[in-house]
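Chemist: curious how this folds, go ahead:
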Amino acid sequence: MGVLMLRCSVTGREFSTGIQADGESLSTLADTLHKAECPHCGKLHSWWTSEARLNDDIEPSQWRMFGRAS
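Modeler: This is a model prediction of the structure:
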């Protein structure tokens, strides 16, 4: 199990959507439009399911915090 990640179109930095998935479930999801608030630029980014990347290398406790600006 991992979390879906996006890349900020303003800063180029990656951030967590907080959405949990695994490879099998991700491959069966419809390519729909979503919105996520970016912790790096503060904007609301629109993104398609196919644009997200699955990251299963971070601990579940950090899924919401990964990529947050310090």
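Chemist: make it CA atoms for all contacts and neighbour counts henceforth
Modeler: OK.
Chemist: list the contacts of the helix or strand of the chain with the lowest mean pLDDT.
Modeler: Taking mean pLDDT, DSSP states H and E as the measure, the chain has helix 23-28 as its least confident helix or strand, at a mean of 86. Residues outside helix 23-28 that contact it (CA atoms under 8 Å, 6 or more residues apart in numbering) are M1, L54.
Chemist: then stretch 48-56?
Modeler: Contacting residues not belonging to stretch 48-56 are listed as 1-6, 21-23, 29-34 [CA under 8 Å, 6+ apart].
Chemist: off-centre distance for it?
Modeler: Distance, stretch centre to chain centre, for stretch 48-56: 6 Å (CA atoms, centre = their mean, to the nearest Å).
Chemist: buried residues in that stretch?
Modeler: T49, A52, R53, L54, N55, D56 (16 or more other CA atoms under 10 Å).
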